[in-house]
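Visitor: Generate a structure from the sequence data that follows.
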Amino acid sequence: MFVNQVNRRDFTRLAALAPLLGNLSSSGDDLQFVAETPTGDAVEVVLPRNRVPLSFIIDDSTCLVNMGHFCTPQFAAAWPDREEYKKSWREWPREIPDRFVRDFGEWCSEKGVRGKYSIVPNPACVGWLDRELPGWSRKELQASLQLVREVMLPNWDIHPEMITHTRVIDLKTGRPLQAINSSTMENSYPQGKKSVDELASYLAYALKILKHCELPCEGVTTPGGFGNQVKPELSLAVDEAVRDVFGVSLPHYFKYVHTGDQSTEPIIENLRNAGSEDVRMTVNVPAGTGDWFGGWQGDQLSDPDRYATADASSGRMVDLIERRQPAIMLCHWPGMYSNGSEEGFQSFKRIVESLAMRFSKETLWMKVSEIARYWAAKSQCSIHSSGDRVSLICPIDSRWFTLRIRGKKGPVDCFSFHRDGSKVKRPLREVSHASHLDSGCWVQEEEDLLVCFDLDSPRIDLHVKQVT
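Guide: Numbering: from 1, shown residues only. Down below sits the predicted model:
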């Protein structure tokens, strides 16, 4: 008989899954509550596939509109003394063409690059993506949206970067606020206290436009300093708005850049109902680099060595990989297009190829939502071991969930337990090296086992056969 030992801290978690556990108990798996869990350091959740997550966050992207061209004069009206807003924006192209989006998306797909791609719903007040975009025909707008669905959606999360990225919209009228100053620009909004519901309404307005465009969202990106004065409320508002509009169980957001020795691991915020099937949280996923490409106006030259040198011997991305922390690059879409020269895109290609040359077996490209989900599952997963068995109970699904089981030798059997009481054996195959680890695989690494599987049922048991 297998005895699953559970500490008092996990009692609530297991009680929430009582129907499932009751079925398991009737099939011969008894539960016994004890004071402490024996797992200790014997079982550890490691990185997905035991690789460092890579991702690419793209800000200021949208359909057709070059945000550098259209945002600059609006920012200049609100902040007339700032030199960066006095540039010759009229000389920059008004459009970032779909041809470039296709070239970028297809190249990234070929190389396995994944990340987050913003779609500003009413870019710089030019027009509404779910209605009309003055300056482009409706046919051109619909073709651009379809391109995003076909080329970008498979490998990229789509986020609204609030409604316009420039002027604050009056939700009652759908028009920009009449005054033009720092307090009526999204980059510094709000400058006073706002309730969670007020912020959630603003986020939901943006999300609904993208829903009308058939672009699913699991999170949002904040434009500039949006929400700086209401950070606790903003995090809760993200949870409320994304859940309400898209029915997403695990909302996330991008706002922060972590530098130096700061950890780049996602941060679990506003955890509620921990341990239950109805667990709620917001995941804050920070970037790990600055934008060292062509800048948000697309008029600068890139400095790719700051991300990774040609031989990938140094650079911020290299540092994060060697620290085995999520390595998430940041850029602004005009800086990829570089006002038509595509210099930023060429620099990005070189960085991706340099990292692949040295770290292809140690890294894994992931969407931002996938990284958020992995860390959320890790935070809520109860792991219990006894003898030759390891049992996991977790209310959150995640791909590539990977355990290191110390001092054990395979092979390993894997079983999923479902809420209807069924128990299903899942095949696991042995691979010859940790670099080959993928879902449904295990590898012997000296005295330890590495096991990788999709965490897609409330309970998973691993049986270690202990061949000597």
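Visitor: could you pull out the strands for the stretch 301-450 of the chain?
Guide: In the stretch 301-450 of the chain, the strands defined using DSSP state E, counting those that start in this stretch lie at 327-332, 363-365, 382-386, 389-393, 398-405, 412-417, 423-426, 429-430, 441-445, 448-455.
Visitor: among the ones you listed, which is the most enclosed?
Guide: With neighbours taken as mean count of other Cβ atoms under 10 Å, the strands of the stretch 301-450 of the chain reach their highest mean count in strand 327-332, at a mean of 26. For every residue, glycine as well, the C-beta is placed using N, CA and C.
Visitor: mean confidence score for it?
Guide: Mean pLDDT, strand 327-332: 98.
Visitor: Figure out how far that strand is from the centre of its chain.
Guide: Taking Cα atoms, centre = their mean, to the nearest Å, one finds the center of strand 327-332 at 12 Å from the center of the full chain.
Visitor: How about stretch 352-366?
Guide: The answer for stretch 352-366 is 18 Å, by Cα atoms, centre = their mean.
Visitor: With stretch 162-176 instead?
Guide: 26 Å.
Visitor: What of stretch 138-157?
Guide: With Cα atoms, centre = their mean, you get 20 Å for stretch 138-157.
Visitor: what's the closest of the strands of the stretch 301-450 of the chain to Ala274?
Guide: strand 382-386 (10.7 Å; Cβ to Cβ).
Visitor: Mind giving me the packing neighbours of that closest one?
Guide: strand 3-6, strand 43-45, strand 389-393 (3 or more Cβ pairs under 8 Å, 6 or more residues apart in numbering; DSSP states H and E).
Visitor: What pairs with it, parallel or antiparallel?
Guide: Strand pairing for strand 382-386, using DSSP bridges, gives strand 389-393 (antiparallel).
Visitor: Show me where the stretch 101-250 of the chain has its strands.
Guide: So, for the stretch 101-250 of the chain - with DSSP E, counting those that start in this stretch - the strands run 115-118, 156-159, 169-170, 175-176, 219-221.
Visitor: Show me what the last one packs onto, helices and strands only.
Guide: Okay, so that is strand 219-221. Looks like strand 219-221 contacts strand 115-118, strand 156-159, helix 196-212, helix 231-246, strand 252-254, helix 368-380 (3+ Cβ pairs under 8 Å, 6+ apart).
Visitor: Pick out the shakiest of the helices and strands packed on strand 382-386, pLDDT-wise.
Guide: For these, where the average pLDDT is lowest is strand 3-6, sitting at a mean of 36.
Visitor: Which one of the helices and strands packed on strand 219-221 lies nearest to Pro286?
Guide: strand 252-254 (7.5 Å).
Visitor: elements contacting that closest one?
Guide: strand 219-221, helix 231-246, strand 280-284, helix 368-380.
Visitor: what does the second one contact?
Guide: If I follow you right, that is helix 231-246. 193-197, 199-204, 207-208, 211, 216-220, 222, 226-227, 248-249, 251-253, 255, 269-270, 280-282, 284 (Cβ atoms under 8 Å, 6 or more residues apart in numbering).
Visitor: what sits against Leu133?
Guide: Leu133 touches Cys63, Leu64, Val65, Val126, Gly127, Glu140, Leu141, counting by Cβ under 8 Å, 6+ apart.
Visitor: just to revisit the earlier point, with Leu145 as the reference, name the closest of the helices and strands packed on strand 252-254.
Guide: helix 231-246 (17.0 Å).
Visitor: For the chain, give me the ranges with low pLDDT.
Guide: The model of the chain has pLDDT under 70 over residues 1-40, 466-468.
Visitor: center of it, which residue is that?
Guide: When Cα atoms, centre = their mean is applied to the chain, the residue found nearest the centroid is Val368 (1.6 Å).
Visitor: Excluding chain neighbours, what is closest to it?
Guide: Nearest residue to Val368 in three dimensions, chain neighbours excluded: Lys116, at 4.4 Å (Cβ to Cβ, 6 or more residues apart in numbering).
Visitor: hang on, the earlier thing: I'd like the contacts of Leu133 as a markdown table, with distance to Leu171 appended.
Guide: A markdown table is the format used below for those (distance: Cβ to Cβ, whole Å):
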| residue | distance to Leu171 |
| --- | --- |
| Cys63 | 22 |
| Leu64 | 25 |
| Val65 | 22 |
| Val126 | 19 |
| Gly127 | 18 |
| Glu140 | 28 |
| Leu141 | 23 |
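Visitor: In stretch 89-100, which residues are buried?
Guide: Trp89, Trp92, Glu95, Ile96, Asp98, Phe100 (16 or more other Cβ atoms under 10 Å).
Visitor: Find the pair from the residues you listed with maximum spatial separation.
Guide: Trp89 and Asp98 (21.9 Å).
Visitor: that older thread, the residue nearest to Val368: what's it in contact with?
Guide: Neighbour list for Lys116: 55-58, 156-159, 219, 221, 254, 367-368 [criterion: Cβ under 8 Å, 6+ apart].
Visitor: now stretch 436-449: how far from the chain's centre is it?
Guide: The answer for stretch 436-449 is 26 Å, by Cα atoms, centre = their mean.
Visitor: Quick one: residues in contact with that stretch.
Guide: By Cβ under 8 Å, 6+ apart, stretch 436-449 touches 49-50, 399-400, 402-412, 426-434, 450-454, 464.
Visitor: Sort out which one of the contacts of Leu133 lies nearest Cys331 for me.
Guide: Using Cβ to Cβ, those come closest to Cys331 at Val65, 17.1 Å.
Visitor: Can you give me the neighbour number for that closest one?
Guide: 27 (other Cβ atoms under 10 Å).
Visitor: Against Thr282, how distant is Asp413?
Guide: 36 Å (Cβ to Cβ, to the nearest Å).
Visitor: my bad, should have said Val238
Guide: 5 Å.
Visitor: same question, Ala241
Guide: In terms of Cβ to Cβ, Ala241 sits 11 Å off from Thr282.
Visitor: Which one of the helices and strands packed on strand 252-254 lies nearest to Asp319?
Guide: So among the helices and strands packed on strand 252-254, helix 368-380 is nearest, using Cβ to Cβ, at 18.0 Å.
Visitor: Just the CA atoms of the closest one, as PDB, please.
Guide: In PDB, the C-alpha atoms belonging to helix 368-380 read as follows (Å, rounded to 0.1, in the frame of the first residue of the first chain):
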ATOM      1  CA  VAL A 368       5.600  34.900 -21.900                       C
ATOM      2  CA  SER A 369       2.300  33.100 -21.000                       C
ATOM      3  CA  GLU A 370       4.100  29.700 -20.900                       C
ATOM      4  CA  ILE A 371       6.800  31.100 -18.600                       C
ATOM      5  CA  ALA A 372       4.100  32.600 -16.400                       C
ATOM      6  CA  ARG A 373       2.200  29.300 -16.200                       C
ATOM      7  CA  TYR A 374       5.300  27.300 -15.400                       C
ATOM      8  CA  TRP A 375       6.200  29.400 -12.400                       C
ATOM      9  CA  ALA A 376       2.500  29.500 -11.300                       C
ATOM     10  CA  ALA A 377       2.300  25.700 -11.400                       C
ATOM     11  CA  LYS A 378       5.600  25.500  -9.600                       C
ATOM     12  CA  SER A 379       4.300  27.800  -6.800                       C
ATOM     13  CA  GLN A 380       1.100  25.700  -6.300                       C
END
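Visitor: Thank you kindly, that will do.
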